[in-house]
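>>> Sequence first, predicted coordinates after that:
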Amino acid sequence: MRQSHLFGKTLREPPKDEVAKNAIFLERGGFIYKTMAGVYDYLPLGFRVLEKVNRIIREEMNRIGGQELLLSAFQPKERWMKTGRWSSLADIMYQFRDHSARELGLGATHEEALAEIATRSIFSYRDLPLLVYQIQTKFRDEPRAKSGLMRGREFLMKDLYSFHASESGLEEFYWKADTAYRKIFERCGLQFYVTEASGGTFTKEFTHEYQVLADAGEDWTLYCESCKYAQNKEVSSLKADDECPKCKGKIQIARSIEVGNIFKLGTKFSEAFGLSYSDETGKKLPVWMGSYGIGPGRLMATIVEVSNDEKGIIWPERVAPFRVHLIALPGKEEKSASAVLKAAESLYEGLAKKGVEVLYDDRTEKTAGERFADADLIGIPYRVVISEKTLEKKSVEVKERANPQARLMTTSACIKMLTK
RNA sequence: CGGGGCGUAGUGUAAUGGUAGCACGAGUCCUUUGGGAGGAUUUAGUUCGAGUUCAAAUCUCGGCGCCCCGACCA
C-alpha cells in the first residue's frame, strides 16, 4: 500500500474531546472515525487490524468445531416475547416501529435468534453438539457510551452459541471454549486474567471473564500474580492484600477491561423456543446451551491501551495493519534522490512479491520528521528507511517500533529478515 | 438516568456586548528533505432555536451534541 493513496490521514493534535488512549491514538492515526458517541467507523488502517483480530478469532473458533454464520440485526418483537426479554431488555435494546406500525428491534444479542433457528436443525441426539458463531454488529442503547471503542452503542461481537445434549456436554465444551479464548488473547499479544464472575440472571454458577489489566477498564479485578487466580470484584469477597485462596500468594486489585466472557445458559432459551431433542431411547429432552462472546473492536482498543508510548501505538506483529513501514528519504541532489526512490520501489516490490505487507511512505513532499512521527503514531512493527545515507553504505536501516535501536543491513538481509 | 465540564474552519485555539483572528491541515505553484522546513496563493467557522440589546461567539432560557464521574452493563 502506498501511503500517498491511503484513505485516512493522521492528525497532529489529539482530538480535544477524547481522553481514552485508544480513542486518541486510533483517531489521530486515521484508524477510526467517530460518527457519534459510541459509534465508530473503521478506516482502512483500522479495518486491517480488525480483520487480523477477526482472523485469529475465526481460526480458534473453527478449531473447536465452530461453524461461522451471520444473523440479521433486525429482530421481530415476537421472537423476544418468547423469553420475556422484549421488556426486560427494553432499556438497552433499540426498539421501534416500521412504516406499517410493526414492532421491531435491533439485536443486542442473539440467543433468541439461534434458539429459534436451531429448532429446524436439532431433532436428535445425533444432531448434537452444535457450535455456531458469528462476527456481527450488535446494537445496545448504552446509558453511557465511553472510552472510544471500549463501550459503544453499535459494536462488533463475536458470539458463539453451543448446543448440547446434556449439562455435562455443555460443561466439557465450556472448558474447550476457555482454551480457545486463552489462545486468542495470547495470539493478540495480551496478558489477561480469567476471572470468576457473576452469572447474572441465567445461572447461580460463576461464569468466566477474560480481563486485561488496564486503567481504561470499567471492571475491577482481584488477582494473584503468582498463580493467576482472579475474581471480578462484583462477586468477590476478597480484597487487596488478602491471601490467595489457591496458593497463599498476595491478592492485588486493578482496573481491567473485559475482552471476553463465556457463559452457560442452561435450558432457559431452549425451553422458551421448544428446542428439544430425542435421546437414544426416544425420550424428548431440552437442549443445553452456552454462549461465548468477544468484542473484536474492544479487543483492538485494549491492545492499544496496553501497548503504546507517548508517540503512538506499538502493534504486536500479529495484529499490526502492516508488517513493514517503508520510508524513502530522497536527498536534495537529483541523481541520488532518484536512486533512493528506485531502491525503495524495488524493495517495496520485492517484499510485496514475498507476501510481506508493506505500507510504503512515498509521500516525498513531506519532511522526514513528519513521516517518522506518523510512523511512530501508526505503530507498524518494522520501520525500514532508505536514504542517500543508507545507500552510500549499500544498506537500508531497519528499526523495530518497540525498540529504539536502529540497524543497518543489506537489502537482501532485510528482505530475509522480514519474510521470516 | 443523576452530577460536572465543554460546544468558534478538517484539527487545535483567540476575540471588555462593537470588523470573527491565529496556527496547523487541505488545494495550487516554487524552494526544501534523517525527527512535524520556508515562500506565494487559495480554501474553510461561531451547534440550533428563542429572548435581552442599537448591537450577541460573548448575557438569559430551552433544545441538540460531545467528554468525564456515578448508576447501569445478557
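Happy to help now that I have it. Numbering: from 1, shown residues only, chains lettered A, B, ... in the order given.

>>> helix or strand right after the longest strand anywhere in chain A?
Secondary structure of chain A per DSSP state E: the longest strand is strand A:251-266. For strand A:251-266, the following helix or strand on the C-terminal side (DSSP states H and E) is helix A:268-272.

>>> quick one: is that next one near RNA strand B?
No: using CB under 7 Å from any atom of the strand, helix A:268-272 never reaches RNA strand B; the gap is at least 9.2 Å. Glycine gets a C-beta too; all of them are placed from N, C-alpha and C.

>>> which strands and helices sit next to that helix?
Packing partners of helix A:268-272 (3 or more CB pairs under 8 Å, 6 or more residues apart in numbering; DSSP states H and E): helix A:111-118, strand A:288-294.

>>> any low-confidence regions in chain A?
Where chain A drops to pLDDT under 70, the residues are A:200-204.

>>> Leaving out sequence neighbours, find the closest residue to residue A:269.
The spatially closest residue to residue A:269, leaving aside those adjacent along the chain, is residue A:115, at 4.1 Å (CB to CB, 6 or more residues apart in numbering).

>>> and if you look at residue A:293?
Per CB to CB, 6+ apart, closest to residue A:293 is residue A:159, 5.1 Å.

>>> Output the contacting helices and strands for whichever helix or strand the one you found is part of.
In the assignment (DSSP H and E), residue A:159 maps to strand A:154-164. Applying 3+ CB pairs under 8 Å, 6+ apart, we find strand A:154-164 packed against helix A:44-63, helix A:111-118, strand A:130-139, helix A:167-187, strand A:288-294, helix A:296-306.

>>> Mean neighbour count and distance to RNA strand B added to those, as JSON lines?
Shown next, in JSON lines, are these (neighbours: other CB atoms under 10 Å; distance: least, CB to the nearest atom of the strand, whole Å):
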{"stretch": "helix A:44-63", "mean neighbour count": "19", "distance to RNA strand B": "15"}
{"stretch": "helix A:111-118", "mean neighbour count": "22", "distance to RNA strand B": "6"}
{"stretch": "strand A:130-139", "mean neighbour count": "19", "distance to RNA strand B": "9"}
{"stretch": "helix A:167-187", "mean neighbour count": "17", "distance to RNA strand B": "12"}
{"stretch": "strand A:288-294", "mean neighbour count": "24", "distance to RNA strand B": "4"}
{"stretch": "helix A:296-306", "mean neighbour count": "26", "distance to RNA strand B": "11"}
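
>>> Switch those over to TSV; also include distance to residue A:350.
Below are these laid out as TSV (distance: least, CB to CB, whole Å):
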stretch	distance to residue A:350
helix A:44-63	21
helix A:111-118	48
strand A:130-139	34
helix A:167-187	28
strand A:288-294	37
helix A:296-306	29
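
>>> before we move on, the earlier item: quickly list what the residue nearest to residue A:293 is bridged to.
Partner residues in beta bridges with residue A:159, using DSSP bridges, are residue A:134, residue A:293.

>>> pretty sure it is in contact with residue A:291, am I right?
Yes: between residue A:159 and residue A:291 there is a contact at 6.3 Å, judged by CB atoms under 8 Å.

>>> Between those two, which contacts overlap?
residue A:109 (CB atoms under 8 Å, 6 or more residues apart in numbering).

>>> ok, back up a step: and the angle for the longest strand of chain A with helix A:111-118?
Counting by axes from the mean of the first three to the mean of the last three CA atoms, to 10 degrees, strand A:251-266 lies at 30 degrees to helix A:111-118.

>>> Can you pull up the most central residue in chain A?
Central residue of chain A (CA atoms, centre = their mean): residue A:296, 2.6 Å from the mean position.

>>> List the contacts of residue A:73.
By CB under 8 Å, 6+ apart, residue A:73 lies in contact with A:106-107, A:136-139.

>>> all helices for the stretch 251-400 of chain A, in order.
Taking DSSP state H, counting those that start in this stretch as the criterion, the stretch 251-400 of chain A carries its helices at A:268-272, A:296-306, A:334-353, A:368-378, A:388-392.

>>> quick one, which of those helices is nearest to residue A:12?
Checking the helices of the stretch 251-400 of chain A against residue A:12 by CB to CB gives helix A:368-378 as the closest, at 8.1 Å.

>>> so, in contact with RNA strand B or not, the closest one?
Yes: using CB under 7 Å from any atom of the strand, we find that helix A:368-378 touches RNA strand B at A:368-370, A:372-377.

>>> Residue A:33 pairs with what?
residue A:41.

>>> do the same with residue A:243
Per DSSP bridges, the residues bridged to residue A:243 are residue A:250.

>>> thinking it is in contact with residue A:251, fair?
Yes: counting by CB under 8 Å, residue A:243 touches residue A:251, with 7.1 Å between them.
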